[in-house]
Each structure stands twice: as structure tokens, then as C-alpha cells.
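Novice: Just need the structure, nothing else, for what follows:
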Amino acid sequence: MLSAACIQMREALAQVPFLAHIDSREDYERAIELMDELVSDYSANKPLIEILAVSIERWEDQAEEFLEFNAAVAEEDKGIAVLRTLMAQHGLGVSDLPELGSKGNVSKILNSAEGKKLTRKHMEALGQRFGVPSTLFF
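Specialist: Take a look at the predicted model:
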């Protein structure tokens, strides 16, 4: 005999099957819409958000539409990815990062041109500027 909790979970999943597993682009879009709704009250919806996030992540990792994007992300230096994100969040361009030197030097670092990479000194300065641990750039 099934418990009441088991029956309730089955009924809930029958109404929102993409909560546990996304099978199509339509399910994915519905899952994203639901996630937008859930995060409006994060505290109350945290358990559902965590479950749905796993389903969305699994789809994004395996769906053909994301293969090219996922490959590009996997190849990108994690420190540069963090820096690009912070730059976007703060509305910064290559001329707004004196911690990395000249505008040209910043461009070379962001594009990994001529083997330019973030140095430990750069990472520490960026961590201090953005108020994040410098280890995020390693």
C-alpha cells in the first residue's frame, strides 16, 4: 500500500512532469517559466527551485541546442569567464580595468591573445576591486 506522501508526489509529478525530467523543448520552456515564477519568492520555494534546477541543468547539458555553447564554455578559462561576468554586471569595458594595465593589455587577456593570462597580482587586484575572493579567478 502506498503512503499518502507517495500518492501526492505522483499526482504532483503527473501535473508537472518536467519538474523531475525534461523531455522536450516545450518542457524546457515551461520549466524556465516556472523557475521565473518560483524565484520571485525564493525562501518559500527553495526546495522546488533546487529540484527544478537539476532538471533544467540536465537538459541544458544534454540538449543539442546547447552543445556548441557548452563546448565554448568548457574551453574558456574560468578566471576570464568570471571577469567577463563581473564586467557585464558592472557595465565595464576594456578601458575600465586599470588593474590589468592598458586597454590593449586587457583585450589581449580577455581574448587570450599572445598567451596573455591573468597573473596572481591581477587576480588579487580584481578580487579587491569587486569584493570577491581572488581564488574565483584561478
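
Novice: Which positions in the lengthiest helix in the chain come out as buried?
Specialist: In the chain, taking DSSP state H as the definition, the longest helix is helix 42-62. The neighbour-count check on helix 42-62 (16 or more other CB atoms under 10 Å) flags Asn45, Leu48, Ile49, Leu52, Ser55, Ile56, Trp59 as buried. Bear in mind the C-beta positions are built from the backbone N, C-alpha and C, glycine included.

Novice: Could you do stretch 21-29 as well?
Specialist: Ile22, Asp27, Tyr28.

Novice: Taking helix 42-62 as reference, get the angle to the lowest-mean-pLDDT helix or strand in the chain.
Specialist: Here the helix or strand of the chain ranked lowest by mean pLDDT, DSSP states H and E is helix 67-75, holding a mean of 85. Orientation note: helix 67-75 sits at an angle of 100 degrees relative to helix 42-62 (axes from the mean of the first three to the mean of the last three CA atoms, to 10 degrees).
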